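In: no FASTA, just this:
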């Protein structure tokens with residue numbers, strides 16, 4: 001019964017929440033234009049590569065696993081580590097802002113605030129996910145994402161323009177999520193708060209989180225890189241209009257990931273308790289089959305989807321989406337395989353997969369973007385995702401012991 005309840009709440013969060021956020025990202029280029037959308041997408045991709053992994057340190061899956069196994073002290077240690085990460089990433093953003101154009105500085109700080117607030121919320125949700133209680137995550141997640149689009153309209157009417165407009169809307173929406181957790185959801189949160197104890201400096205949990213989090217954080221850094229390098233490389237090699245076309249198509253690719261996200265969020269606590277790599281392999285095949293069906297539909301309807309969502313101005317995004325559609329099936333399979341490496345405590349193998357993937361993606365982007373522009377970046381993503389599946393299968397088959 002709990003599995004069904006959690007599947008319902010996760011589906012509501014991912015389908016409704018992601019749907020609302022997708023509408024937000026459809027509205028942004030229509031409000032700010034291709035060039036300013038390219039600036040926003042470039043800066044967001046830059047922070048996702050340079051800041052998000054350091055801020056995250058891969059703590060969420062560790063907290064899920066700890067909570068699933070009954071460790072009630074891991075969350076407090078994770079929050080302490082994340083507080084240090086917030087301070088460190090603020091220094092990174094300060095350096096980036098100092099080196100950026102004046103019109104980009106406020107965008108960088110607002111995007112950092114958005115990511116930081118979501119990172120704090122993410123740890124709380126991870127604890128409850130590990131306990132297989134996912135209602136609060138869905139309620140807060142959907143409500144927070146629902147705020148983004150109306151905030152975008154309000155800020156536009158107030159005179160906020162350019163890339164600053166979506167960045168401000170995202171930061172305010174994230175703040176709204178924190179307010180919901182501290183307000184209407186406080187009663188549900190209080191039992192968890194009573195269990196929290198400040199970790200000591202010599203706490204074994206802190207050492208475990210720092211060691212494993214460093215591995216997963218580095219893997220997250222390079223993982224974010226091969227997902228986002230297309231936008232960054234395009235911004236450097238092909239200009240903002242190419243970034244805008246690629247980002248518009250990539251948002252649609254991200255929207256298709258709701259199915260594997262729901263499946264893995266629901267299954268992860270049980271995978272963590274089982275610690276069996278075979279369970280990840282059993283999940284991979286049905287996810288890959290669903291991904292293949294989504295891939296075919298998106299490939300065939302790419303031009304119509306772009307026209308319906310973005311209009312004629314974004315017609316160059318249609319061939320990019322057609323190529324990215326080929327990545328859907330390997331992405332779905334990769335969800336099961338990468339999570340399988342993490343929950344079977346093979347973070348070292350996961351890191352090696354991520355490092356090999358980003359090296360491949362860098363090489364592919366360097367060759368493909370000068371030849372085919374945004375479609376070349378999309379092709380690099382497809383080949384990289386196929387490589388991730390192969391490398392994960394090899395790691396799960398050959399890694400005999402946990403790291």
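Out: Looks like it came in fine. Note that the structure is a prediction, hence the values are computed from the model and not measured.
In: Name the nearest residue to residue 198, sequence neighbours excluded.
Out: The spatially closest residue to residue 198, leaving aside those adjacent along the chain, is residue 76, at 6.6 Å (C-beta to C-beta, 6 or more residues apart in numbering). In this view, the C-beta of every residue, glycine as well, is placed from N, C-alpha and C.
In: what about residue 266, helix or strand, and which?
Out: Per DSSP states H and E: residue 266 is located in helix 258-274.
In: Quick check: next helix or strand after the helix or strand where the residue nearest to residue 198 lies?
Out: Using DSSP H and E, residue 76 sits in helix 74-98. With elements assigned by DSSP H and E, the helix or strand that comes after helix 74-98 is helix 102-130.
In: list the buried ones in whatever helix or strand comes next after that following helix?
Out: Downstream of helix 102-130, the first helix or strand assigned by DSSP H and E is helix 135-157. Judged by neighbour count using 16 or more other C-beta atoms under 10 Å, the buried positions of helix 135-157 are 135-149, 151-152, 155-156.
In: now what about helix 135-157, what contacts it?
Out: 5, 9-10, 12-13, 16-18, 20-21, 23-24, 27-28, 31, 121, 125, 128-129, 165-166, 168-170, 172-174, 176-177, 180-181, 185, 188-189 (C-beta atoms under 8 Å, 6 or more residues apart in numbering).
In: So, low pLDDT: which residues of the stretch 251-400 of the chain?
Out: Applying pLDDT under 70 to the stretch 251-400 of the chain picks out residues 271-280, 343-345, 399-400.
In: I should have written the stretch 1-150 of the chain there, sorry.
Out: Residue ranges of the stretch 1-150 of the chain with pLDDT under 70: 1.
In: ok, residue 308 - how many residues close by?
Out: Per other C-beta atoms under 10 Å, the neighbour tally for residue 308 reads 10.
In: Also residue 64?
Out: Around residue 64 there are 27 residues (other C-beta under 10 Å).
In: Can you name the helix or strand that residue 72 falls in?
Out: Residue 72 belongs to no helix or strand when elements are defined using DSSP H and E.
In: measure it to residue 196 for me?
Out: Here the criterion is C-beta to C-beta, to the nearest Å. By it, residue 72 lies 9 Å from residue 196.
In: Who are the contact partners of the closest residue to residue 263 other than its chain neighbours?
Out: Excluding the flanking residues, the one nearest residue 263 by C-beta to C-beta, 6+ apart is residue 287, at 6.3 Å. Neighbouring residues of residue 287 by C-beta under 8 Å, 6+ apart: 259, 260, 263, 332, 333, 335, 336.
In: Recalculate using a threshold of 6 Å.
Out: With contacts defined as C-beta atoms under 6 Å, 6 or more residues apart in numbering, residue 287 is in contact with 260, 332, 333, 336.
In: Test my guess that the second one contacts residue 260.
Out: Yes - at 4.8 Å, residue 332 counts as touching residue 260 under the criterion of C-beta atoms under 6 Å.
In: These two: who's more crowded?
Out: A direct count of neighbours by other C-beta under 10 Å for residue 332 and residue 260 places residue 332 higher, at 29 against 24.
In: Three-state assignment for that one, please.
Out: Assigned state for residue 332: helix (three-state reduction, DSSP: H, G, I helix; E, B strand; the rest coil).
In: Look up how far residue 7 lies from it.
Out: 17 Å.
In: re earlier: got the angle between the helix holding residue 266 and helix 135-157?
Out: Here the directions of helix 258-274 and helix 135-157 differ by 150 degrees (axes from the mean of the first three to the mean of the last three C-alpha atoms, to 10 degrees).
In: and helix 258-274 with helix 102-130, angle?
Out: 50 degrees.
In: check contacts around residue 134.
Out: Neighbour list for residue 134: 6, 9, 10 [criterion: C-beta under 6 Å, 6+ apart].
In: Can you tell me which of the residues you listed are buried?
Out: Buried among those (16+ other C-beta under 10 Å): 6, 9, 10.
In: how close does the last one get to residue 347?
Out: Going back to what we said before, that points to residue 10. Per C-beta to C-beta, residue 10 is found 24 Å from residue 347.
In: And the second one, by the same measure?
Out: Using C-beta to C-beta, one gets 28 Å for the distance from residue 9 to residue 347.
In: got it, and residue 301?
Out: Separation of residue 301 from residue 347 (C-beta to C-beta): 39 Å.
In: Who has more neighbours out of the two?
Out: Set residue 301 next to residue 347 and count neighbours by other C-beta under 10 Å: residue 347 wins out with 24 against 15.
In: The closest residue to that one other than its chain neighbours: how many residues sit nearby?
Out: Closest residue to residue 347 apart from its sequence neighbours, by C-beta to C-beta, 6+ apart: residue 215 at 4.2 Å. Number of residues near residue 215 (other C-beta under 10 Å) recorded here: 22.
In: you'd agree residue 215 is up against residue 351?
Out: Yes - using C-beta under 6 Å, residue 215 is in contact with residue 351, at 5.1 Å.
In: my guess is residue 168 contacts residue 110, does it?
Out: Yes - in this structure, residue 168 is within contact of residue 110 by C-beta under 6 Å, at 5.5 Å.
In: now residue 20: how far from residue 283?
Out: As judged by C-beta to C-beta, residue 20 and residue 283 stand 27 Å apart.
In: Have a look at the two and say which one is more surrounded.
Out: residue 283 (22 against 19).
In: can you pull the contacts of the more buried one?
Out: Neighbours of residue 283 in contact, by C-beta under 6 Å, 6+ apart: residue 336.
In: again, only using 8 Å
Out: Contacts of residue 283 by C-beta under 8 Å, 6+ apart are 263, 264, 267, 336, 340.
In: now swap in residue 284 and tell me
Out: Residue 284 sits next to 333, 336, 337, 340 when contact means C-beta under 8 Å, 6+ apart.
In: Not including adjacent chain positions, what is the nearest residue to it?
Out: Per C-beta to C-beta, 6+ apart, closest to residue 284 is residue 336, 4.2 Å.
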